Structure formats: C-alpha cells, structure tokens
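Predicted model and sequence below, questions to follow.
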Amino acid sequence: MESLKGKNVLLIGATGGIGAHTARLLASSGANLFLTARNADKLNALASDCKLAEKYIAVADLTRIKEVNALHQRFFDVFDRIDILVNASGIGIIKTIDNLSEEELRRSLDTNLIGPFLILQSFLPDFKNQKKGLIIHIPGVLGKTPMAGAAAYSASKYGLVGMLQSIREEVKRTEIRFTNIFLGGVDTAFWDNIDLRVQREKMVQAEEAARAIWFLCQQPLSGVVSEMVLQPFNHQAI
C-alpha cells in the first residue's frame, strides 16, 4: 500500500457522515488535507478535530462555477500540487416518479452530476500537467443497479459513472487513476428524511465506509482499483 504521509488531498463533501470519518482517517495518516463543504459550522468543527488551520478549509457550493474556481485558487494557495481528490458530496432524493418534482430532479442532477463536472473541469488540468494522481468518486450502488423510487438519484449517478468512464479514456495514457466506490446501504443521515422502510441496524456503518475510502487512497502505484462495491450482507445479489 502507498503511504498517505505528505500526500496533498482535497476532500469534497467533508462534513457528511462518510466524509467526516474519512477526513479524520486521512488526517491521522499524515496526509496534507484540504476540506470543503457547504456548512460552515460543521466544517469549522471538523477542521478543529483534524487540527487544520483555517487556510486548509473552504465553504463552497460546488454547483456554482465561481465557487469552484475560488476553491481551486484557495487550494493552490497552500499546496503546489494535488495528489488525491476524493468527492464524497451528494444528495439522495428517493421518490416514485409520480411524486418527484422537476425541481427535485434538477437538484439531484446539479449536485450529483453538474457539481462533479465543474470540479473535474477545474482540477483535471492540474492532474494532466502532473500526468499522475488519484480521483475517487462515490456513485453508490444505485449508479450501478437501480431500484424503484430512485429515478432522480439513479439518473444522476448513472450520469456520473458514464462521465467518469469517458474522462478516464481521455487520460488513459497518463498515470491519472480513477476509482469509483459503489456503496450500498450505509447508515448515515441520507436516510433521515426518506419515506422508505429500511433496516438501518443491518447497514454498513459510516466509519467502515470511510475506512474503505481511506484504503483506496493508498492503492499501489503499479495498479489501480477501478471500482469497489461495499454493501450490507443482505444486498449481495447486486
């Protein structure tokens, strides 16, 4: 496994259930962290946990190009290169098509697809200049196998997977590596406002999902884990 010590890591969606645990694991492994999220209070609290100064965090709405460009500037104000980008941001709207509004569909696409597009458009040139680096996204298993009531979420995540596969082809003659982790049934706040009967006690714990991401950040330079699927035991048919 490749050491994280001294690696410059941008973690997007850092204050979510999975993101916050990932941040703490990366910080404890000696990575040079830069954290971004939308919620300032949560971000400041997490930075304190990770012993990060204010210059290593940025509050940003990554569906807005100006805020993405500002994030890029702030990151390279403190680091001279980017080694790893982890995008743990996203929203989940689980509703049947007859209950799904146009606004909810657009919000899903903006957050889960347009946001990652803007981030990659901003940071990928830096990876290309270096001709190496690691980019990790979390499409979730609904970006691989849909379920009833997940039209908006699956549309955004299938779009994300397709976009990443295409971009991977654009840089295949470099050492830029793309990894997708398909998480299914993780016990986070994702489920708090979803009207769906689920057994949260049987789900993957957020800490373990974060540990999987932490592990993927250390994959050997001689190869790449293109994708990983992590889900509860009762979801193994996916």
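Perfect, thanks for sending it. Numbers count the residues shown, from 1 in each chain.

hey, where'd the strands end up in this protein?
8-12, 32-37, 57-59, 84-87, 132-137, 175-183, 186-187, 204-205, 227-230 (DSSP state E).

weakest of those strands in terms of mean pLDDT?
When mean pLDDT is averaged over each of those, strand 186-187 scores lowest at a mean of 56.

Pipe the strands of the chain into JSON lines and attach mean neighbour count and distance to Arg211 per row.
The C-beta positions use only the backbone N, C-alpha and C, and glycine is treated the same way. As requested, the strands of the chain are exported to JSON lines (neighbours: other CB atoms under 10 Å; distance: least, CB to CB, whole Å):
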{"stretch": "strand 8-12", "mean neighbour count": "24", "distance to Arg211": "15"}
{"stretch": "strand 32-37", "mean neighbour count": "25", "distance to Arg211": "16"}
{"stretch": "strand 57-59", "mean neighbour count": "20", "distance to Arg211": "23"}
{"stretch": "strand 84-87", "mean neighbour count": "24", "distance to Arg211": "13"}
{"stretch": "strand 132-137", "mean neighbour count": "24", "distance to Arg211": "14"}
{"stretch": "strand 175-183", "mean neighbour count": "21", "distance to Arg211": "11"}
{"stretch": "strand 186-187", "mean neighbour count": "22", "distance to Arg211": "12"}
{"stretch": "strand 204-205", "mean neighbour count": "17", "distance to Arg211": "9"}
{"stretch": "strand 227-230", "mean neighbour count": "17", "distance to Arg211": "10"}
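
Would you mind saying which of the ones you listed lies nearest Ile94?
Smallest distance to Ile94 across the strands of the chain (CB to CB): 14.0 Å, for strand 186-187.

start to end distance for stretch 24-37?
For stretch 24-37, the first and last residues are 15 Å from each other (CA to CA, to the nearest Å).

Return the distance of stretch 74-84 from the chain's centre.
Offset of stretch 74-84 from its chain centre (CA atoms, centre = their mean, to the nearest Å): 18 Å.

Surely Ala14 touches Ala45?
No. Taking contacts as CB atoms under 8 Å, Ala14 lies outside contact range of Ala45: 10.9 Å.

Looking at these two, which one has more neighbours?
Between Ala14 and Ala45, counting by other CB atoms under 10 Å, Ala14 is the more crowded of the two (28 against 13).

quick one: pLDDT of that one?
We note a pLDDT of 96 for Ala14 in this prediction.

Dihedrals phi and psi, it?
Ala14 has phi and psi values of phi -70, psi -20 when expressed as degrees, to the nearest 10.

and it, how far is that from Asn129?
Between Ala14 and Asn129 the distance is 25 Å, computed by CB to CB, to the nearest Å.

Which elements pack onto the helix ranked longest in the chain?
Using DSSP state H to define each element, the chain has its longest helix at helix 151-170. Packed against helix 151-170 by the contact rule (3 or more CB pairs under 8 Å, 6 or more residues apart in numbering; DSSP states H and E) you find helix 102-109, helix 115-130, strand 175-183.

Apply 6 Å and report the result again.
Contacting helix 151-170 under the criterion 3 or more CB pairs under 6 Å, 6 or more residues apart in numbering; DSSP states H and E are the following elements: helix 102-109.

ok so, going back, kindly reformat the strands of the chain as CSV containing distance to Lys157.
As requested, the strands of the chain are exported to CSV (distance: least, CB to CB, whole Å):
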stretch, distance to Lys157
strand 8-12, 16
strand 32-37, 20
strand 57-59, 25
strand 84-87, 12
strand 132-137, 10
strand 175-183, 9
strand 186-187, 14
strand 204-205, 17
strand 227-230, 13
